[in-house]
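> Have a look; sequence and predicted model below, questions after that.
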Amino acid sequence: MQIATWNVNSLKVRLPQVLEWLAARPELTVLALQETKMEDHVFPKAEIEAAGFHVAFVGQKTYNGVAMIARAPIEDVQFNLPNYEDPQKRVIAATVSGVRVVGAYMPNGQSLDSDKYPYKLAWLDAMIEYLQGELARHPRLALVGDYNIAPEDRDVHDPKAWEGQVLVSPPERERFQRMIGLGLTDSFRLFEQAEKAFSWWDYRAMGFRRNAGLRIDHVLLSAPLAEKCTACVIDREARKAERPSDHAPVVATIAL
DNA sequence: ATGGCTTCTCGTAGAAGA
């Protein structure tokens, strides 16, 4: 099976790209989307189902919003973190083909001196606590999405320039490592990868052309899945599209 | 690249993203 994640930065704008991308990947089992930026009553459910997919979603106007599109039924859907009261729609979890898939749009944090930074850290703490229970219930678990954390300096185009900034700060990275400590594996690092491999590039300053990016979108796998993972790739081609999202999809292949 | 795009909105400027 293949599990993918993609921050589409508005599904309204990106729906045609998403459907085209899925059509070109018949092996793809489930795709988690972030930043759909739409309320549920305007979500393009009918279009996605007409294309032959199952879909589940939760969103809000302007910000956040997550969804899951799959070729197999999407079962036992849960929205948001049950242990964290939050009006922001950032989490969708469901079982697809026997795998518990947790799709998350983790907070950005804005900057270290912003109110959004302590929110980010508290949110990540709640996610970690939630994952402990989920991993106990679901041995086959994938945590996918936009983490808004570049785990290591090699995930940053210019570590010196980014030092101490949000997305790379030690408290954020420590929380990423705590997720790893729960028994999850960063599937991307199971394999030899090109240097300077990123999943997000700034729209400004020719970020993509200069490869001035960050690797902040991840597919983390529990041990039974990591053992059977045969590939994890970032699809840079999607970032070359007309009107692209600033994020590229990440796809993990698991021999299940 | 020092914030230079892109998206959104009770819109036409400002906030937010990362």
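Now that the structure is in, tell me what you want to look at.

> Output stretch A:192-201 as PDB, nothing but the C-alphas.
Extracted C-alpha coordinates of stretch A:192-201, given in PDB (Å, rounded to 0.1, in the frame of the first residue of the first chain):
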ATOM      1  CA  GLU A 192      19.300   6.900   1.000                       C
ATOM      2  CA  GLN A 193      18.100  10.300  -0.100                       C
ATOM      3  CA  ALA A 194      19.500  13.200  -2.100                       C
ATOM      4  CA  GLU A 195      21.100  15.900   0.000                       C
ATOM      5  CA  LYS A 196      19.000  19.000   0.300                       C
ATOM      6  CA  ALA A 197      15.700  17.100   0.100                       C
ATOM      7  CA  PHE A 198      12.800  19.400   1.100                       C
ATOM      8  CA  SER A 199       9.000  19.300   1.100                       C
ATOM      9  CA  TRP A 200       8.200  23.000   1.300                       C
ATOM     10  CA  TRP A 201       9.700  26.000  -0.500                       C
END
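
> Go through it and flag the buried ones.
A:197-201 (16 or more other CB atoms under 10 Å). Quick note: C-beta positions are derived from backbone N, CA and C, even for glycine.

> before we move on, what about stretch A:19-36?
A:19, A:21-22, A:25, A:28-36.

> From A:Arg189, how far out is the most centrally placed residue in chain A?
For chain A, the residue whose C-alpha lies nearest the mean C-alpha position (CA atoms, centre = their mean) is A:Gly145; its distance is 1.0 Å. Using CB to CB, to the nearest Å, A:Gly145 is found at 17 Å from A:Arg189.

> show me the contacts for the residue of the stretch 51-200 of chain A found nearest DNA strand B.
The stretch 51-200 of chain A approaches DNA strand B most closely through A:Asn108 (3.3 Å), counting by CB to the nearest atom of the strand. A:Asn108 sits next to A:116, A:120, A:148, A:166-167 when contact means CB atoms under 8 Å, 6 or more residues apart in numbering.

> Including neighbour count, could the residues you listed go into CSV?
Below are those laid out as CSV (neighbours: other CB atoms under 10 Å):
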residue, neighbour count
A:Lys116, 16
A:Lys120, 25
A:Asn148, 22
A:Val166, 20
A:Leu167, 20
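
> For the stretch 51-200 of chain A, just list every one of the helices.
Counting by DSSP state H, counting those that start in this stretch, one finds helices in the stretch 51-200 of chain A at the ranges A:116-137, A:159-162, A:170-181.

> Could you export these to a markdown table, including columns for distance to A:Val77?
Shown next, in a markdown table, are the helices of the stretch 51-200 of chain A (distance: least, CB to CB, whole Å):
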| stretch | distance to A:Val77 |
| --- | --- |
| helix A:116-137 | 14 |
| helix A:159-162 | 36 |
| helix A:170-181 | 22 |
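
> Adding mean pLDDT and distance to A:Pro44, write these out as JSON lines.
Formatted as JSON lines, the helices of the stretch 51-200 of chain A follow (pLDDT from 0 to 100; distance: least, CB to CB, whole Å):
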{"stretch": "helix A:116-137", "mean pLDDT": "98", "distance to A:Pro44": "28"}
{"stretch": "helix A:159-162", "mean pLDDT": "96", "distance to A:Pro44": "36"}
{"stretch": "helix A:170-181", "mean pLDDT": "98", "distance to A:Pro44": "31"}
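
> Tell me if I'm right that A:Ile191 and A:Ala231 touch.
One correction, residue A:191 is Phe, not Ile. Yes: taking contact to mean CB atoms under 8 Å, the distance of 6.5 Å between A:Phe191 and A:Ala231 places them in contact.
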